[in-house]
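Sequence first, predicted coordinates after that:
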Amino acid sequence: MNCHKLNKVSKIMKFCYKPETGNLADKNKDGFRIDLNDCTIWLNHTLKPLKASANYELKGQLLLLPVDAKGKMSSESDTAEVYIRATCEKFKKHKTEHIRVVATSVKFNIKDILFDFGVLINGNPQLDNDLHKVIDDNSMEFFEVMRPTCEALWNTAVFKMMNAVFAQIPLQELFKD
């Protein structure tokens, strides 16, 4: 296993990985792989559990009910599979070869999810509870509506994080073991 301390990313963060030789196109396998011939990176990972939070604002109608709410929402999935594919390019920095990510694609496979939006309908606790029950009973359908935004946010974060990591580690050190 290769580990590198990431000074510029975090004083306590380490990047550790075990290069894989198998085919990570198999989405049932967790792992990390880099193909330097076409400069492609695959990362498949199962998160148990996946907890996320975000600020939100809803204005309009939700299930024909008028909604004007904003706040912090949270979500939790017992198991979330994340599939990342990144395209990279090689470059020289101080006479040392590095890679940089030029494109990423993040996809989720989530089988269950729960949301907590807090109060959505002010002044009517019963109607608010009913709306939350509908959301709970149809949580996967709600996730499917939000999936493009969730994957786009993760895509941006993964892109930035991968470039922060690979900018610090010369290519020859990625595979020194």
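Good, I have the coordinates.

Mind pulling up the pLDDT for Thr79?
On pLDDT, Thr79 comes in at 90.

quick one, what contacts the residue lying closest to it once chain neighbours are set aside?
Leaving out its chain neighbours, the residue that sits closest to Thr79 by CB to CB, 6 or more residues apart in numbering is Lys48, at 5.3 Å. C-beta: built from backbone N, CA, C; applies to glycine. By CB atoms under 8 Å, 6 or more residues apart in numbering, Lys48 lies in contact with 78-80.

now Leu47
77, 79-82.

Restrict the residues you listed to the buried ones and give me that as a PyMOL selection.
Buried residues among the contacts of Leu47 (16 or more other CB atoms under 10 Å), as a PyMOL selection:
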select buried, resi 77+80+81+82
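
Please flag which of the contacts of Leu47 sit within strands.
If you go by DSSP state E, these have 77, 80-82 in strands.

What ranges does this protein have for its strands?
Taking DSSP E as the criterion, the chain carries its strands at 2-5, 14-17, 31-35, 40-47, 50-62, 65-77, 80-93, 96-110, 114-116.

by how many degrees do the fourth one and strand 96-110 diverge?
Between strand 40-47 and strand 96-110, the angle formed by their directions is 40 degrees, by axes from the mean of the first three to the mean of the last three CA atoms, to 10 degrees.

Pairing partners for strand 40-47, with directions?
Strand 40-47 has these partner strands in its sheet, going by DSSP bridges: strand 31-35 (antiparallel), strand 80-93 (antiparallel).

Check which residues of it are buried.
So, applying 16+ other CB under 10 Å, buried residues of strand 40-47: 41-44.

Against Leu63, how distant is the most centrally placed residue in the chain?
Closest residue to the average C-alpha location of the chain: Trp154 at 3.8 Å, with CA atoms, centre = their mean. Separation of Trp154 from Leu63 (CB to CB, to the nearest Å) stands at 27 Å.

from memory Asn55 sits against Ser74, does it?
No - Asn55 is beyond contact range of Ser74, at 11.0 Å (criterion: CB atoms under 8 Å).

Who has more neighbours out of these two?
Ser74 (13 against 8; other CB atoms under 10 Å).

Thanks a lot, catch you later.
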